[in-house]
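K.L.:
sequence unavailable; structure follows:
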C-alpha cells in the first residue's frame, strides 16, 4: 500500500514538473525557439484531452456494465478524424483564416458577427461543461479515497470534499498562470498544450501498463482473456443496435462540438498539416487507450470481490495484487486525464465568457461613460482570469451539490448531447451559404430547451428538478409532453430519446428559419467566406469605405495587441502597400485584416464593434454594403484570381505614385538644398565680414566693444566650421565610404554617454529621463562612437523641441530577433503627420525659431549613420509625443568596400520586410 | 516520371492521382461506418457465449485497419498543399 | 533731423552689425525680427527706409514686400532687400516684388551705407 503522504508528494512533484514544462515552453516560444515543440506529435497528443478521467477510470466500469458499447465513444471520433478531409480540414482552415478564438466565436462570426449567437453558445457550453468539470473533481477525490482507505490510523486524512477543493484551487491557479499569461494574437497557449501532451503520454503509459500487467501477469495472455470472456456469458453485454449506432454518432458529433476539443483541434492548431498526421495518429491513440479496457473489466469482475466499484478497477486491481508502484502510475494517469480536461475546458470557456459576455458589456458601459478606454488588454485578461475562477468554482459547487451520486457518472454522455446542439449551426454554417442567423438562433434555442427538459434536468434524479408527476404524466397532465417520452415515443433509451428529439427539432428549426428569413449583408459575405474558404483565402469584404484614420486605428490596436505587435503589424501592412513608415492606407482590405487580427484577441463581434467605432458607424457600412454585397459575393467566388491581379495592380500603381511623388520632392529638395547651403554659409559670413570691417574701419572703439565683436566673429567662424564638418560628414556617410570601427560595448554605457553629452543642450530645462537599466544591459559589437552620436542627437532634439511644461523622455530598449530597438519617446506634442516623412531630409528644420541649433542636418546624419550600421531610424506616430525608433543589429554587418547608399537602403529594407 | 518517357494518355497524371487519393480519403469514414455497423446485422443468439469476444476482435481489427488506411493516405497526400487545386477538378 | 531706418532681420549678430553701422552714420535705427507682423510694424513706425531680409520666420520677405506695394501708403517706400541665397533667381524675384535695391549677403558695410543714402536722398 502506498502511504497517503507519498501519494500527495508524488502529486505535487508531478504538478511541479508540468509547471516547469509549461514554463520552459512558454519561454522558448516567446523567443521563437519552440518550433520543434510544436510538432504534429504534440498536436496529436494534445487532442487526447478528449480522454478525460471518464475514459481513464470510467471506460472499464462502462465495459464491465455494458460490454463492448464503451468503444463507441472512441469509434465516433475515429471516423471523424479518418474523414478529416470533410469537416476538420475546413474548420481548421476557417479557424486560421478568420482567427477564430472559440466555437462560440466561430458561430458568431459566421452568422454576421452576431453576439447574440455567441451568448447562446457560451451559455449552452457552460451548462454542459460545468458538470463535466465536477466529474473530473469527483474522479480525483475518489481515486484519493482508494488510497486513503487503507491508511493506518494516526494520519489525518482529508475527506473527499476537501481533496476536491484543494484540487480545484490548484487547477484554477495553473490555468490562470498559463492560460492567461498574455493576450496572444491567436489565442494559442504553447505552454499549456505541451503540458497536456506530456499528460497524454502519462495516461497512455499508465493504462497500457495496467493492461499489460492484467493480461500477462494476472491472466495467462490474450488467449486466456478471450477464453474468460467466452466462458462467462453476460446478457447485458450484448450489443444494442440503437445505442451502438446512436452513441457512435453522438461521440462523432462531440469531438467536433465540445468546446475543449474545438480549442485544441482548431484554435491551438499552428499548422494545418499537423491535421494530416493526427488523422491516423489520434485514432491510434484512442485505439491503444481502448485496447485493454475489456481485459481489465473481465479480470476485475472475476478477481475482485462482489460489489466493488468497477469504475476503479484500474486502481484497485494493481493494489489487490500488491503492486504499489503500478497503482501509483495508474493514479497519476487518472490525475493527468482529469487535470488536462479541466485546464483546457476552463481556458476554452473563459475565452468564450470574456469575449461574448464580459467584453461586450464592458464596451457598452465604456461607450456610455464616454469613450475613454485605456489599455484594453488588462480588461480582457482580468475578464479571462475571473471567468476561469468562475468556471472552476461552478464545477466545485456542482460537485459538492451532487457529488457521489449516480447522476454524475452519466454526465459525460449528457454533456455530449448538450454540445451536439451546435452541430446544425456549425455544419450548416460551413457548408450551406443560405444558413442564416435566425435559423441558427432558432435551432440552437430549441435544441437547448429540449436538451434541458428531456435530459439535463431529469438527470438530477426523479423529483429534484422536475416533479415526479411531470415525469410520469407530463406537464398539466399532457401525456405526450412527458420529458422522457415526447410525442408518445415510449420505451426509448432516455439518452437516445433526447438526442433524437433535440436534434430533429434543432435541425428543422435551423433549416426552416434559414429558408424563411433574409440574411443581413454581413452574414452573406461571411457565409460566402466560410463556405468557400478554400477558394478565397486572401480576399475578403466587410468594410465598403475607408474613412478610418490610420493613426486612430494604430492607437486602438496598440491597446489591444500591445505596442510592439501593433506597430509591426501596421509596418508590415504599409510595406505590403509599398509604403514606408507605420501608417498604411486604410483600404478595406487593411481594415478587414486588422479586424481579424483584433478578433484573434477579443473575438469577432467585439473586434467588429471596436473597428466600427473608429472607422465609422457599422450601420452606415452595412447600408453601403447592402448595395454591393450581392454582386461582390458572387464575383469574389468566381474571380478570386482576377481580384488578386487587380490588387496587385493597385499595389503597383500605389507604389509608382509614391515613387513619383518622392522623385518630384527630391528634385525640389535638390534645388532647395543648394539654396539652403548658400544661405547657411552666407549668414555667418555676413556677420564676420560686417564686424571685421567695423573693427578695421571704425577707429576709437571702446575695448569692450572690440572684444565683443571679436567674440562674435570667433563664434560665427566656429559655426561655419561646424556646418562644413556636418556637410562633409554627411557626404562621406551618404557615399558609403565611411570607415566604421566595430568594438565591444554595452548599450547601457552608450546611453549613459549620450545623456551626459546631450545635457549641455538647453541646460536650463529640467528633464526627467525614464530608463530601464535591466533591459539596457545588451552587449553590442558595433561602432559605438557613431551610435552614441545618433543617441546624442535624438536626446538633444528632445531637450530642445519637447514643448511639455514638465518634459519627460522615455528610453525603451529591447531585443528582437538579434536586432536591438531603442525607442525614444517624449511627452511633447510630437511632429505633425504631414512633416513626418520630411524630418529625415537635409535642412528640414521644422520651425525656424530654434535657429541657434544646427543647420537641420542632425537627423539626416543620424539616418545615414544608422543605414551604415545596418540599421534604421524611424519616426513612430501615435505615441503621444515625439517618438523615434532606432534599430540596428547587435553585430554590425561586415562592411563591403563599394556599397553605396542605395544598396544600404535596399539591404535594410529587406531586413525590415522579412 | 512515366509521363516523360513517351506521350501519355493523361496529361496531368500526377494531379489525377492526387484527386483520386482525395476521393479515397473522403470515402474512408463511410467505409469505416459501414464496417463498424456490420456487427449489428450478425444473427444474434446463435452462440451467445462467444458473441462478445468475436465482436470485440472484429471491432478492434476494423479500427486498426482504419488507422493504417488513414496513415497511408495521409503520407501519400502531398504535404503543404491546400485544397485549392482539388476543388477545381 | 536724422532719418529713420527699420531693419527687419532675424539673425541677432547681423542686426547688431547693421545697427552699429547705421547709428554711426547718423541714422535712427529700429529693428524687428519676425515676418508675420512686419507689415503692421512698418505701418505703425512709418520709417523712411526699410531693410528687409528674405528668409524670415513666419513670412518671407517677398510676401511682405508684395503687401507693402499693394498698399497706397507704402507703395513708394524705399526697400533694401537682403538675401543670403545669392542666386540669380532670387534677384529676379526681388525685382518683380518691387524691391528698390537688392543686396547679397555678405555685404560690404560701405556699400550698404552708400546704397541707403542714395535711396533716401539728401
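P.N.:
That came through, no problem. Because the structure is predicted, anything quoted here is derived from the model rather than measured.

K.L.:
helices and strands around the strand or helix carrying residue A:105, which ones?
P.N.:
Assigning secondary structure by DSSP states H and E places residue A:105 in helix A:103-110. Judged by 3 or more C-beta pairs under 8 Å, 6 or more residues apart in numbering or on different chains; DSSP states H and E, the packing partners of helix A:103-110 are helix A:88-97, helix A:115-148, helix A:259-262, helix A:324-353, helix A:423-431, helix A:521-531, helix A:604-615. All C-beta atoms are positioned from the backbone trio N, CA, C, and that covers glycine.

K.L.:
who wins for proximity to residue A:397 among these?
P.N.:
Closest to residue A:397 of those is helix A:115-148 (C-beta to C-beta; 8.2 Å).

K.L.:
could you give the angle of the closest one to helix A:423-431?
P.N.:
Between the axes of helix A:115-148 and helix A:423-431, defined by axes from the mean of the first three to the mean of the last three C-alpha atoms, to 10 degrees, the angle is 120 degrees.

K.L.:
and the next helix or strand past helix A:115-148?
P.N.:
helix A:160-179.

K.L.:
what comes up buried for the helix or strand that that following helix is followed by?
P.N.:
Using DSSP H and E, the next helix or strand after helix A:160-179 towards the C-terminus is helix A:190-212. The neighbour-count check on helix A:190-212 (16 or more other C-beta atoms under 10 Å in any protein chain shown) flags A:190-200, A:202-204, A:206-207, A:209-211 as buried.

K.L.:
kindly report the same for stretch A:115-125.
P.N.:
Judged by neighbour count (16+ other C-beta under 10 Å), stretch A:115-125 contains these buried residues: A:115, A:117-125.

K.L.:
got those residues as TSV, with distance to chain B and pLDDT columns?
P.N.:
Output for these, formatted as TSV (distance: C-beta to the nearest C-beta, whole Å; pLDDT from 0 to 100):
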residue	distance to chain B	pLDDT
A:115	31	84
A:117	27	90
A:118	28	91
A:119	33	92
A:120	29	92
A:121	26	93
A:122	30	93
A:123	32	92
A:124	27	92
A:125	26	93
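
K.L.:
do I have it right that residue A:560 meets residue A:611?
P.N.:
No. Under the criterion of C-beta atoms under 8 Å, residue A:560 makes no contact with residue A:611, lying 10.4 Å away.

K.L.:
mind listing what's buried along stretch C:10-23?
P.N.:
Applying 16+ other C-beta under 10 Å to stretch C:10-23 flags C:10-11, C:13-22 as buried.

K.L.:
in three-state terms, label residue A:887 for me.
P.N.:
Here residue A:887 is strand, with the state taken from DSSP: H, G, I helix; E, B strand; the rest coil.

K.L.:
about what we covered before: of the helices and strands packed on helix A:103-110, which approaches chain C most closely?
P.N.:
Nearest to chain C, of all the helices and strands packed on helix A:103-110, is helix A:604-615, at 35.9 Å by C-beta to the nearest C-beta.

K.L.:
who does the helix or strand of chain C with the lowest mean pLDDT touch, helix- and strand-wise?
P.N.:
Between all helices and strands in chain C, the lowest mean by mean pLDDT, DSSP states H and E belongs to helix C:88-97, at a mean of 81. Here helix C:88-97 touches helix C:61-70, strand C:79-83, strand C:101-104, going by 3+ C-beta pairs under 8 Å, 6+ apart.

K.L.:
give me the helices and strands touching the longest one, please.
P.N.:
Under the contact definition 3+ C-beta pairs under 8 Å, 6+ apart, helix C:61-70 sits against helix C:38-45, strand C:49-53, strand C:79-83, helix C:88-97.

K.L.:
neighbouring strands - and their directions - for the second one?
P.N.:
Listed by DSSP bridges, the sheet partners of strand C:49-53 and their directions read strand C:4-8 (parallel), strand C:79-83 (parallel).

K.L.:
tell me how far that strand is from the chain's mean position?
P.N.:
Strand C:49-53 sits 1 Å away from the centroid of its parent chain (C-alpha atoms, centre = their mean, to the nearest Å).

K.L.:
what angle sits between that strand and helix C:38-45?
P.N.:
Using the same axes, to 10 degrees: strand C:49-53 against helix C:38-45 is 160 degrees.

K.L.:
so for strand C:49-53, mean pLDDT?
P.N.:
Averaged across strand C:49-53, pLDDT comes to 90.

K.L.:
which parts of chain C sit against chain A?
P.N.:
C:10-11, C:13-14, C:16-18, C:20-21, C:24, C:55, C:57, C:84-87, C:90, C:104-110 (C-beta under 8 Å from any C-beta of the partner chain).

K.L.:
inside strands: which ones of those?
P.N.:
residue C:104 (DSSP state E).

K.L.:
need the overlap of contacts for residue A:560 and residue A:611.
P.N.:
residue A:598 (C-beta atoms under 8 Å, 6 or more residues apart in numbering or on different chains).

K.L.:
longest helix anywhere in the chain?
P.N.:
Since no chain was named, I'll use chain A. In chain A, assigned by DSSP state H, the helix with the most residues is helix A:640-697.

K.L.:
hmm, I had chain B in mind actually
P.N.:
helix B:48-76.

K.L.:
buried residues in that helix?
P.N.:
Those would be B:51-56, B:58-60, B:62-63, B:66-67, B:69-71, B:73-74, for helix B:48-76 by 16+ other C-beta under 10 Å.

K.L.:
ok but residue A:810 is inside a helix, no?
P.N.:
No. Read with three-state DSSP, residue A:810 is strand and lies in no helix.

K.L.:
for the residue in the stretch 201-350 of chain A positioned nearest to chain B, what are its contacts?
P.N.:
Of all residues in the stretch 201-350 of chain A, the one sitting closest to chain B is residue A:280 (3.7 Å; C-beta to the nearest C-beta). Taking C-beta under 8 Å, 6+ apart, we find residue A:280 in contact with A:81-82, B:67-68, B:70-71, B:74.

K.L.:
got the angle for the helix or strand in which residue A:504 is found vs helix A:423-431?
P.N.:
Under the criterion of DSSP H and E, residue A:504 resides in helix A:494-516. Orientation check (the same axes, to 10 degrees): helix A:494-516 against helix A:423-431 gives 40 degrees.

K.L.:
how about helix A:494-516: buried residues?
P.N.:
Of the residues in helix A:494-516, A:494-503, A:505-511, A:513-514 count as buried by neighbour count, 16+ other C-beta under 10 Å.

K.L.:
residue A:866 and residue A:872 touch, don't they?
P.N.:
Yes. When contacts are counted by C-beta under 8 Å, residue A:866 is listed as touching residue A:872 (5.3 Å).

K.L.:
what residues do these two have in common as contacts?
P.N.:
Contacts common to residue A:866 and residue A:872, judged by C-beta under 8 Å, 6+ apart, are A:886-888.

K.L.:
ok, so of these, who is nearest chain C?
P.N.:
Checking the shared contacts of residue A:866 and residue A:872 against chain C by C-beta to the nearest C-beta gives residue A:886 as the nearest, at 30.1 Å.

K.L.:
tell me what that closest one is bridged to.
P.N.:
Beta-bridge pairing for residue A:886 (DSSP bridges): residue A:822, residue A:873.

K.L.:
now for it: which residues touch it?
P.N.:
A:790-791, A:794, A:821-824, A:862, A:866, A:871-873.

K.L.:
neighbour count, distance to residue A:138 and pLDDT for those - can I get that in CSV?
P.N.:
Below are those laid out as CSV (neighbours: other C-beta atoms under 10 Å in any protein chain shown; distance: C-beta to C-beta, whole Å; pLDDT from 0 to 100):
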residue, neighbour count, distance to residue A:138, pLDDT
A:790, 26, 64, 90
A:791, 25, 62, 90
A:794, 23, 63, 88
A:821, 18, 52, 89
A:822, 25, 55, 90
A:823, 19, 52, 90
A:824, 24, 58, 91
A:862, 23, 66, 88
A:866, 23, 63, 89
A:871, 25, 59, 88
A:872, 22, 60, 88
A:873, 22, 61, 89
